[in-house]
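Peer 1: I need the structure of the sequence given here:
(2 chains)
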Amino acid sequence: MSRLPTGGSRIDRTRPLTVTVDGVELTAYAGDTLASAMLANDLDVVGAGIYTGRPRGLVGIGREEPNAWVQVLDHGGPGTGEPMVQATTQPAYDGLTVERLAGRGRLLPHTDETRYDVLHLHCEVAVVGGGEAGVAAARAAVAAGEGRVIVLDDAPTAPVVDGARCLPDTTVVGAHAHGRLVAVQRLDSADGGGARRLLQVQARRVVLATGSEERPMAFPGNDRPGVMLAGAAAAYVERYGVLPGRRAVVWTAHDGGHAAAAALAEAGVDVVAVLDVRDGDVVTGTDGGSDTGRVTAVHTTSGTVEVDLLAVSGAVTPETRLWTHAGGTTRWSDDVAGFVPDAPPQGGRFSWAGTERTAADTGGRAPAAWFCATDLTDEQAAGTYLDLHRDATLADVRHAVEAGLRSVEHVKRHTTIGTGADQGRCSGVLAAGVLAQLLGEPLGRVGATGARPPLVPVPFGLLAARNRGVLSDPVRVTPIHDRVAHAPMEDVGQWKRPYAFPSVDESLDEAVVRECRAVRTGVGMMDASTLGAIHLRGADVGVLLDMVYTNLFSTLAVGKVRYGVMCGPDGMVVDDGTTMRLSETDWLMSTTTGNAAAVLDTLEEWLLTEWPHLDVVCTSQTDHWSTVAIAGPLSRDVVAALAPDEDVSAEGFGFMTHREAVVAGMPARLARVSFSGELAFEVSVPAWYGAALWDAVAQAGAPHGITPYGTETMHVLRAEKAFPIVGQDTDGTVTPADLGLGWALSRKKTDYVGKRSHARPDAQRPDRRHLVGLAPVDGTSLIAEGSQLVAHGADLSATPVPMLGHVTSAYAAGVEGPFALALLDGGRDRIGEVLDAVDDLVGTPVRVTAPVSYDPEGARRDGA
Amino acid sequence: MLRIPCPHCGERDETEFHYGGEAGVDYPADPSALDDVAWAEYLFVRADPAGWFTERWCHVAACRQWFTIDRHTVSDEFRPVSEGVRA
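Peer 2: Next up, the predicted model:
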């Protein structure tokens, strides 16, 4: 044991605990990190090189640690665990179970059940860092009466600042525009569990008091266990009462290394030499033991000493990563021998608070910007590690320079130095310094590599926080949902819609066949409440609709319904649906289920930005109405029973008309529209009557065998009529003419949105992709949605295989068996041709047909 | 996360807004009078400066109004629309 009998400012010796590393139980105290527990239990090897597999020991004490990566197997609860955690930042708690890693973790094989939460904090001043500079900044902000002041500190105990809220165990991982910080707060760190909270902090002003970090110097054999940062070695004594070694050499390039040496000596380490590069002393190599490879001897320019600890300190420089996240720049400082904050992030929300002292401040010697010896042989260079986490060496940087790379960012990507999960804290400046040496350029010109969020690894589960599973997206259901909730559901946008209504002894496909037959030969009913409904009111609605729909609407009479196709200015289809005129000034537009919000946005954008003179007000009414579609040759009988006062005959209630009526005692709107080609009605009632309407339709239809049907049946029925579904049969590259809807393009109107684009030569090409039908040549094979269409018999191994089109919709249960809709190059000129529909490298021969495969004359819409 | 100053509601989170791209691109008075090049210019060609940019936003999650504002595309600072630029 290397635990001292006393001392350790962060541990509580009255609370012993046990952690398990690779099956071995280690004793520790509350307040320990996993790393200090490893060190206290003389675990020399904390990891292995990612490529070399060489044993590696602890180097640092915080997030600069390159070697001690562990896989957390159990965070203290079922379903917990974490792929890649730094032992130096992981609190030790009873039951923590980990495996050491060779630089790379494994994704969890199960859902991460760790408790994650999110909290939004708003404040006037956010101070990042609870050290001397942070506390001073927070006190100044409070004293100035700036308002709410928050201090975010990643230490387990936060400072106390009267008038400010201080959050311990909180690591800011990203600093973004306009004073937004993203932070990770560890919950219950002393008592275990991986529970964490994501903090979204919005501040008027951010003070970055992120302190400094220590960097090493490089030399041959520097990857042995027992080679540590000097400041970290001393801090293990102070914080945790753990001796990092018994007999040590300290090698430094700045005065701080001497202070660390003194602290180690005071704790009882036999410090046999303190070497300073400023005096010409350089470490030239190490020897190691045959078991763990731990350092046993250090070779220096002034001789060889036998030790078990080599404490190294290159310099201490500001941690500027958050500064650069927010857009601040850094510059090289000879005084500090590091990169220091320069221009602040633009916008004035971020400032830097540091207590860095230069040699001039302390009356000491200036630090040396020393990185590694310049006269190393190739063999020595291959054993001089610049990035221990990435197993990259001086030889790799030499190779990059020989290959012609000059930019520090290019060398980073070529060597992977600084790309690891430790963000290159021990390696970034070393690599830049070495590059400057090799290029013979000043470090200020070579520069530092950029840093990007997150500052430390963050579990994806934490970013999602509570927005997981059923809470990942809002769920919308109609007022009729209770009546259909027993059916398997399909997600349509955020809506849950019944896919089909299989009976207990029926498959889904069988149910769809039965439901289709009911609509084609009898009568079916469907909840159609999810279609978007937008109420339009004003004197100029007709003018607006004439612009946003390709066909003419201003002439529509009150009581009539018209189908319209909506395009973007680029001429591509964006939506379709029917619109009814309720009065001279009131209209009701229906949109595709998934498009309701987007269409409303589009209408309002035109009205607000281009045609503010038009008298039109748009109101979303999607949730205001419950609608039941009653479809099939017997639907008239059902509606007659529901609304006995209405004349629902073909003559008395024409196709594409609507009226207000009393239906089963409820105020309702009745419309004769059809999405199946069959005689059909839609009944709409105020939303809260939805379930009552559903029950009434079911009851009135019972004598006729009315059959509830779902979305898949609706899709089969509409596909047989080649009614396109925008977003399924279209993809933003499809014009109305491509869909066979050229009849809907007004030639009378001087303009509509998209008209000019429809006149472009490209929109007129005869070989554009047209919507066509497909039928399997053998009459029975299923066609897969998304299949690519290629020439029949095309050699699929002779890439590239010319693609002729793709399948947009495919169904097993058409009147004539399986069929599909597809977009096909020059499709309308290929009807009758045989092609292959290729799915997963298997081609199914298909015959190109006209898109409408059922009742092409439209004879059935008035009833059989 | 940008904080966007809506002229009607005040400064709000970016997630409440839709972006509308470059401001001042009017729908042509008579599209049929434009040749294909001019029409393509209207449809597709937009400025993309590294610096101040006059652009449109819609506060969809609140007042639903469109407005025009200057944003510095490098620093993300906002300022009122500069003199002489049509809102």
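
Peer 1: Of all the residues in the stretch 251-400 of chain A, which one is nearest chain B?
Peer 2: Nearest to chain B in the stretch 251-400 of chain A, going by CB to the nearest CB, is A:Gln346, at a distance of 3.2 Å. (C-beta placed from N, C-alpha, C; glycine too.)

Peer 1: can you pull the pLDDT of that residue?
Peer 2: Looking at A:Gln346, its pLDDT reads 82.

Peer 1: any chance you could map the helices in chain B?
Peer 2: B:36-44 (DSSP state H).

Peer 1: how deep is the residue of the stretch 251-400 of chain A closest to chain B tucked in, by neighbour count?
Peer 2: If you count neighbours by other CB atoms under 10 Å in any protein chain shown, A:Gln346 ends up with 16.

Peer 1: Kindly report the same for A:Leu198.
Peer 2: Other residues within reach of A:Leu198, judged by other CB under 10 Å, total 21.

Peer 1: contacting residues around the closest residue to it other than its chain neighbours?
Peer 2: Leaving aside its sequence neighbours, A:Leu198 sits nearest to A:Val118 (CB to CB, 6 or more residues apart in numbering or on different chains; 4.5 Å). Taking CB atoms under 8 Å, 6 or more residues apart in numbering or on different chains, we find A:Val118 in contact with A:Arg197, A:Leu198, A:Leu199, A:Gln200, A:Ala465, A:Arg466.

Peer 1: and the residue of the stretch 251-400 of chain A closest to chain B, that's in a helix?
Peer 2: No - counting by DSSP: H, G, I helix; E, B strand; the rest coil, A:Gln346 is not found in a helix; it is coil.

Peer 1: Was I right to think it contacts B:His72?
Peer 2: Yes - with contact defined as CB atoms under 8 Å, A:Gln346 reaches B:His72; the gap is 7.2 Å.

Peer 1: How confident was the prediction at residue 22?
Peer 2: Because you didn't say which chain, this covers chain A. We have a pLDDT of 97 for A:Asp22.

Peer 1: let's do chain B instead
Peer 2: Here, the pLDDT recorded for B:Glu22 equals 96.

Peer 1: any idea how far B:Ala40 is from the residue nearest to it when sequence neighbours are not counted?
Peer 2: In space, and not counting its chain neighbours, B:Glu22 is closest to B:Arg46: 4.6 Å by CB to CB, 6+ apart. Distance from B:Arg46 to B:Ala40, counting by CB to CB, to the nearest Å: 12 Å.

Peer 1: The two: which is more packed in?
Peer 2: Higher neighbour count among B:Arg46 and B:Ala40: B:Ala40, with 14 against 11, using other CB under 10 Å.

Peer 1: confidence score at that one?
Peer 2: Here the pLDDT value assigned to B:Ala40 is 96.

Peer 1: how about the residues of the stretch 301-450 of chain A that lie near chain B?
Peer 2: Residues of the stretch 301-450 of chain A lying near chain B by CB under 8 Å from any CB of the partner chain: A:Gly327, A:Pro345, A:Gln346, A:Gly347.

Peer 1: most surrounded residue in these?
Peer 2: Most neighbours among these, by other CB under 10 Å: A:Pro345, with 27 neighbours.

Peer 1: need the contact list for residue 50.
Peer 2: In the absence of a named chain, this looks at chain A. Taking CB under 8 Å, 6+ apart as the test, what A:Ile50 contacts is A:Ala102, A:Gly103, A:Arg104, A:His389, A:Arg390, A:Asp391.

Peer 1: could you do chain B instead?
Peer 2: B:Thr73, B:Val74.

Peer 1: so where's chain B shaky on pLDDT?
Peer 2: For chain B, the stretches with pLDDT under 70 are B:83-87.

Peer 1: So which bits of it are right by chain A?
Peer 2: Contact residues (CB under 8 Å from any CB) of chain B with chain A: B:1-3, B:13, B:18, B:20, B:26-28, B:30-32, B:34, B:36, B:39, B:42-43, B:56, B:58, B:60, B:64-66, B:72, B:74-77.

Peer 1: No further questions, thank you.
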